[in-house]
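[1] pasting the sequence and the predicted model now:
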Amino acid sequence: MHAIRSILIALSLCSLGWVWAAPHTHGQGQASLVLSGQTLTLELSLPLDVVLGFERAPRSDKERQALQQAMTQLSQTDALWTPSAAAQCKAQAAQAQTPDWGGSGHADLDVTYTWVCQQPMALERIQTQLFEQFKRLRRLDFNHVLPKGQGASRLTPKQPVWQAGNKP
Ligand SMILES: [Zn+2]
């Protein structure tokens, strides 16, 4: 009995780990997708290294411009993400957060994308152009929470499509 309980606790810790303990690793981004009613929300976190090639506050006008440009580029929801057409999702304004430079020597760029979907239950896949636009990105760990269930999968330049049925 105790053994079973320990296993269950271990399993739930593991699944929490997938969702929350996302270490900052260069070349790897995190995404988490939540569908609630008609509202589809995708939170993306990319190491700034992937986006800019550096992870400290900009030091010159050129670097400030590069950051601004990256934030604008990452806010173009329709250019980056293509949800299943059948779900009839319409992109709302994306929100890119100014990076927290902290002091750790590392920084992420976080963007929140939102859609309102007329047929949310028809959402089966989302294709991304992130790998095309950010060549230093090699992997995107993708968690989803949908009314049908939740799970985790991994997107790569060769597999730039999230599908509801994906296994990790
Ligand atoms: Zn870093």
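    Here it is on my side, so go on. Numbering: from 1, shown residues only.
[2] switch to C-alpha atoms for all contacts and neighbour counts from now on
    Will do.
[3] which residues in the chain form strands?
    Using DSSP state E, the strands of the chain run over 28-36, 39-47, 81-83, 89-91, 95-96, 108-117, 125-128, 139-146, 149-155, 161-163.
[4] export the ones you listed to CSV and append columns for distance to Ala70, mean pLDDT and mean neighbour count.
    Output for those, formatted as CSV (distance: least, CA to CA, whole Å; pLDDT from 0 to 100; neighbours: other CA atoms under 10 Å):
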stretch, distance to Ala70, mean pLDDT, mean neighbour count
strand 28-36, 15, 97, 20
strand 39-47, 11, 97, 21
strand 81-83, 16, 98, 19
strand 89-91, 19, 98, 19
strand 95-96, 10, 96, 19
strand 108-117, 9, 97, 22
strand 125-128, 16, 98, 18
strand 139-146, 18, 96, 20
strand 149-155, 21, 95, 18
strand 161-163, 22, 96, 20
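[5] closest one to Ser75 among those strands?
    strand 95-96 (6.4 Å; CA to CA).
[6] strands paired with that closest one, and their directions?
    Strand 95-96 has the following strand partners under DSSP bridges: strand 108-117 (antiparallel).
[7] next, the angle strand 28-36 makes with the partner strand.
    Relative orientation of strand 108-117 versus strand 28-36 (axes from the mean of the first three to the mean of the last three CA atoms, to 10 degrees): 30 degrees.
[8] need the residues that contact strand 108-117.
    24, 38-48, 55, 74-75, 77, 87-100 (CA atoms under 8 Å, 6 or more residues apart in numbering).
[9] circling back: now the strands of the chain as a markdown table including distance to Ala66?
    Shown next, in a markdown table, are the strands of the chain (distance: least, CA to CA, whole Å):
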| stretch | distance to Ala66 |
| --- | --- |
| strand 28-36 | 19 |
| strand 39-47 | 15 |
| strand 81-83 | 22 |
| strand 89-91 | 25 |
| strand 95-96 | 14 |
| strand 108-117 | 13 |
| strand 125-128 | 22 |
| strand 139-146 | 22 |
| strand 149-155 | 26 |
| strand 161-163 | 27 |
